[in-house]
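Q: Structure for the following, please:
(one chain, ligands or ions: 1)
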Amino acid sequence: MLSPKARRLTQLLARLPGVGEKTAQRYLLYLLTSGTEVARELGEELARLPETLRPCVRCGNIAEVEHPNEDAVCAICRDGKRDGHLLCVVARVHDLVAIERAGSMRGRYFVLGKLLSPLEGIGPEELPLAQLVARIREDDVREIIVATPPSVDGEATALLLKRELGRELGDSALTVTRIASGVPHGGDLEFADPITMGRALSGRQKL
Ligand SMILES: [Zn+2]
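A: Numbering: from 1, shown residues only. Model (predicted):
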């Protein structure tokens with residue numbers, strides 16, 4: 001039904017998470033019929049994306065690129081009012097955003113990017129543990145709050161972090177805590193309301 005060009009665009013849009021073929025077609029038709037401005041602006045911003053936004057080299061959050069040849073550092077890592085001795089480890093940037101929205105985290109973050117998942121074949125060697133250890137040493141981190149989701153993979157990752165950090169930094173005064181389960185089991189941090197998230201953080205326990 002669609003022309004080759006329209007089909008190509010629909011396929012590209014359908015690669016985005018949560019966007020199926022039908023939604024992709026709806027987006028395409030909207031962009032075609034809503035005037036040229038939205039399509040042009042979106043296209044320009046997307047084309048410049050690699051030069052404007054990158055993962056923060058320190059934590060993995062989204063960071064604005066200030067100079068193309070320099071590493072990008074996010075606003076949270078640059079915020080001098082944050083407690084550098086407190087580091088919250090999350091699986092994805094979505095989780096960082098959810099915790100920030102709750103507003104009770106005064107430290108900084110470290111985004112793992114993925115969770116340990118034996119079922120999906122993701123082993124410990126695929127997690128950025130060496131970078132995490134380096135970050136802990138560099139910033140003299142005293143407490144790690146493990147805020148991985150309360151799922152099987154999230155729990156497995158929390159236990160792995162406890163074990164590996166204990167092995168690497170056993171003689172330091174590092175405390176590893178886990179957010180309390182105000183967040184429903186199997187749930188996503190992204191969907192926790194700010195009050196639940198605040199309680200989960202304040203009720204964290206030693207791992
Ligand atoms: Zn950062």
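
Q: now the helix ranked longest in the chain: mean pLDDT?
A: Counting by DSSP state H, the longest helix found in the chain is helix 152-169. The pLDDT scores in helix 152-169 average 91.

Q: Just the buried residues of whichever helix or strand comes after it, please?
A: With elements assigned by DSSP states H and E, the helix or strand that comes after helix 152-169 is strand 175-178. For strand 175-178, burial by neighbour count (16 or more other CB atoms under 10 Å) applies to 176-178. C-beta: built from backbone N, CA, C; applies to glycine.

Q: what packs against strand 175-178?
A: Applying 3 or more CB pairs under 8 Å, 6 or more residues apart in numbering; DSSP states H and E, we find strand 175-178 packed against strand 143-146, helix 152-169, strand 205-206.

Q: which residues touch the residue most central in space within the chain?
A: Central residue of the chain (CA atoms, centre = their mean): residue 93, 1.8 Å from the mean position. Residues near residue 93 by CB atoms under 8 Å, 6 or more residues apart in numbering: 60-62, 111.

Q: of these, closest to the ion?
A: residue 61 (4.4 Å; CB to the ion).

Q: can you give me the strands in this protein?
A: Along the chain, the segments classed as strands by DSSP state E run 53-55, 62-64, 83-90, 107-111, 143-146, 175-178, 205-206.

Q: Would you mind writing the CA trace of the helix or strand of the chain with the lowest mean pLDDT as PDB?
A: Least confident helix or strand of the chain, by mean pLDDT, DSSP states H and E, is helix 194-202 with a mean of 74. Output of helix 194-202 as PDB, limited to C-alpha atoms (Å, rounded to 0.1, in the frame of the first residue of the first chain):
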ATOM      1  CA  PRO A 194       7.600  10.100  43.700                       C
ATOM      2  CA  ILE A 195       6.300   9.300  47.200                       C
ATOM      3  CA  THR A 196       7.000   5.500  46.700                       C
ATOM      4  CA  MET A 197      10.400   6.300  45.200                       C
ATOM      5  CA  GLY A 198      11.200   8.600  48.100                       C
ATOM      6  CA  ARG A 199      10.300   5.900  50.600                       C
ATOM      7  CA  ALA A 200      12.200   3.300  48.700                       C
ATOM      8  CA  LEU A 201      15.300   5.500  48.900                       C
ATOM      9  CA  SER A 202      15.000   6.500  52.500                       C
END
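
Q: tell me which parts of this structure are close to the ion?
A: Taking CB under 5 Å from the ion as the measure of proximity, the chain contacts the ion at 56, 58-59, 61, 74, 77.

Q: run the last query once more with 6 Å
A: For the chain, the residues in contact with the ion (CB under 6 Å from the ion) are 56, 58-59, 61, 73-74, 76-77.

Q: Please narrow the residues you listed to those residing in helices.
A: 76-77.

Q: Can I get the residues of the chain next to the ion in CSV including neighbour count?
A: Output for those, formatted as CSV (neighbours: other CB atoms under 10 Å):
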residue, neighbour count
56, 22
58, 21
59, 23
61, 22
73, 18
74, 24
76, 18
77, 18
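
Q: Closest to residue 128 out of the residues of the chain next to the ion?
A: Nearest to residue 128 among the residues of the chain next to the ion is residue 59, at 10.6 Å by CB to CB.
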